[in-house]
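Undergrad: Please find the sequence and the predicted model below.
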Protein chains: 2
Amino acid sequence: MHTILVIDDDENLRDTIIVLLEQEGFRTLAAADGNVGLEKALTAKPSLILVDLRLPGKSGVDVCKALRSARDSTPIIVLSAAGDEIDKVLLLEIGADDYVVKPFGTRELLARIRAVLRRVSPEAHQVLSFADTQVDLQRRVVSRKGAELKLTPAEYNLLTFFLQNPDRPLTRDMILNSVWGYESFPNTRTVDAHVVRLRQKLEPEPDCPRHFLTVHGVGYRFLP
Amino acid sequence: MHTILVIDDDENLRDTIIVLLEQEGFRTLAAADGNVGLEKALTAKPSLILVDLRLPGKSGVDVCKALRSARDSTPIIVLSAAGDEIDKVLLLEIGADDYVVKPFGTRELLARIRAVLRRVSPEAHQVLSFADTQVDLQRRVVSRKGAELKLTPAEYNLLTFFLQNPDRPLTRDMILNSVWGYESFPNTRTVDAHVVRLRQKLEPEPDCPRHFLTVHGVGYRFLP
DNA sequence: CAATCTGTTTACAAAATGTTTACAGGCGCT
DNA sequence: AGCGCCTGTAAACATTTTGTAAACAGATTG
């Protein structure tokens, strides 16, 4: 999970951003001025830094320069007020990765953050595999013997749930709650139907399952 | 496609640059010291060389001199640490084409690389292609089997977004954010309509898409 | 070995999702 | 203003997915 450091002296804006980021599942750190910000940046090793250009104490530019000359390459997105003369070349030279002009929309900010994070920490393709099957969780692609398989959303969700809970008997209720969620109340037979579909697509011999096992009287168990 | 050789003894920086370049579609080669670098430069014929000034063994200056005296005219961009006295005259004399001072931003580096490559091989626009279609990102021109295709701005933007994110399911929201921007809030159906238009203009068989694939329940996926 | 319980499979209709077409407003151009 | 092209939306249509029921199969128990 990513931690994002927000350095801005405007308490109101800072809190707004913090709340937004936490809603989106980021961990956050905050600093009200450049010195504190720089210290947190160096000690807490955030994944990304949002820094205001104008700050009491050290300016945003100073923070960037200090970080980069400490050979720290944490990605930085600069926030700049509408009035500020934005010298793009300067920003790039001090090692900023992107900038956003205030006032900015939440979607814009999030999109820029995600874009920078994606660019910096590329494709740590987490690929789970069992037998001759690979599941690429990032790309949402399942392949067997090199050939891509088409899974429906429900099938894919069920499969990832099995993959995350291998080797353990799972009751139909546990599966329903985790895969379908607490809001929907489908019949427990639904689980069976989908297990059948998974077996047909993923088991070498669908009639004699070797991975999606039945635990009589209990539920199912996935064996990698 | 261009191959870029990176000669730098700082493993961290080297890897960062390599990853960046590969994300941008360059092939890469790496070397940690001047001797290895020189050898790779001569044997692998890269399109461009990034070389640190200070290197163990042969310095960056030595590498340049050696290359040029071997009548090799591969363009060279010199990387220099912030503290280094940069003697521009020296750089020009040894045949460097540009230099970048550390710490530099990723965008700056890419811009310089593209500028040098463009200067050296002016014909070589950055052209992405898939199947029998070429997309010239500089000229914003799309052609198929030599004939120019007329795309509207929205279609072109959508196409380039797909080209830059191949092989990965993209949700309608991601597409909206990236292509339409953060300010506008069009209906997600809008994406569908434009995908249809792209398919009609670019797919050999628009009813049986082979490149702009639907991922049911998720969004779309572009397959080169 | 029947009776009973549990799991499997098939088929199907409802729901969700995606495609296509048509169209009206917007924008630039003459 | 008039024209034409681009675009977003809506509505009709098509397809895929999915939950359920019912028939079937296998396991368990007394």
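TA: Okay, I see it.

Undergrad: hey, let's count contacts and neighbours off CA atoms from now on
TA: OK.

Undergrad: Check which element follows the lowest-mean-pLDDT helix or strand in chain A along the chain.
TA: One helix or strand of chain A scores below all others by mean pLDDT, DSSP states H and E: helix A:88-93, with a mean of 55. Helices and strands here follow DSSP states H and E; after helix A:88-93, the next one along the chain is strand A:98-101.

Undergrad: Report the distance from that following strand to the chain centre.
TA: Distance of strand A:98-101 from the chain centroid (C-alpha atoms, centre = their mean, to the nearest Å) equals 21 Å.

Undergrad: So which elements touch that strand?
TA: strand A:76-80, helix A:106-120 (3 or more C-alpha pairs under 8 Å, 6 or more residues apart in numbering or on different chains; DSSP states H and E).

Undergrad: Okay, now the sheet partners of it, with direction.
TA: strand A:76-80 (parallel) (DSSP bridges).

Undergrad: thinking A:Pro56 is in contact with A:Gly34, fair?
TA: Yes. With contact defined as C-alpha atoms under 8 Å, A:Pro56 and A:Gly34 form a contacting pair (6.8 Å).

Undergrad: Between those two, which has more neighbouring residues?
TA: Just comparing A:Pro56 and A:Gly34: by other C-alpha atoms under 10 Å in any protein chain shown the higher neighbour count belongs to A:Gly34, 26 against 13.

Undergrad: Next, count neighbours for A:Leu176.
TA: Considering only other C-alpha under 10 Å, A:Leu176 is surrounded by 19 other residues.

Undergrad: ok, now A:Gly57?
TA: 12.

Undergrad: mind checking the SS state of it?
TA: Secondary structure assignment for A:Gly57 (DSSP: H, G, I helix; E, B strand; the rest coil): coil.

Undergrad: which one is it nearest to, not counting chain neighbours?
TA: A:Gly34 (5.9 Å; C-alpha to C-alpha, 6 or more residues apart in numbering or on different chains).

Undergrad: Go ahead and confirm the one you found touches A:Ser59.
TA: Yes. If you go by C-alpha under 8 Å, A:Gly34 and A:Ser59 touch, sitting 6.0 Å apart.

Undergrad: Is stretch A:168-185 positioned near DNA strand C?
TA: No. Judged by C-alpha under 7 Å from any atom of the strand, stretch A:168-185 and DNA strand C are separated, with a smallest distance of 8.5 Å.

Undergrad: Can you name the residue of chain A nearest to chain B?
TA: Closest contact between chain A and chain B, by C-alpha to the nearest C-alpha, is at A:Gly95 (4.2 Å).

Undergrad: distance of that residue from DNA strand C?
TA: 35 Å (C-alpha to the nearest atom of the strand, to the nearest Å).

Undergrad: what number of residues lie near that residue?
TA: A:Gly95, neighbours per other C-alpha under 10 Å, totals 27.

Undergrad: List the residues that contact it.
TA: A:Gly95 makes contacts with A:Cys64, A:Lys65, A:Arg68, A:Ile76, B:Pro103, B:Phe104, B:Gly105, B:Thr106, as judged by C-alpha atoms under 8 Å, 6 or more residues apart in numbering or on different chains.

Undergrad: Most neighbours out of the residues you listed, which is it?
TA: A:Cys64 (29 neighbours).

Undergrad: Test my guess that that residue contacts A:Ala96.
TA: Yes. With contacts counted by C-alpha under 8 Å, A:Cys64 reaches A:Ala96, the gap being 7.0 Å.
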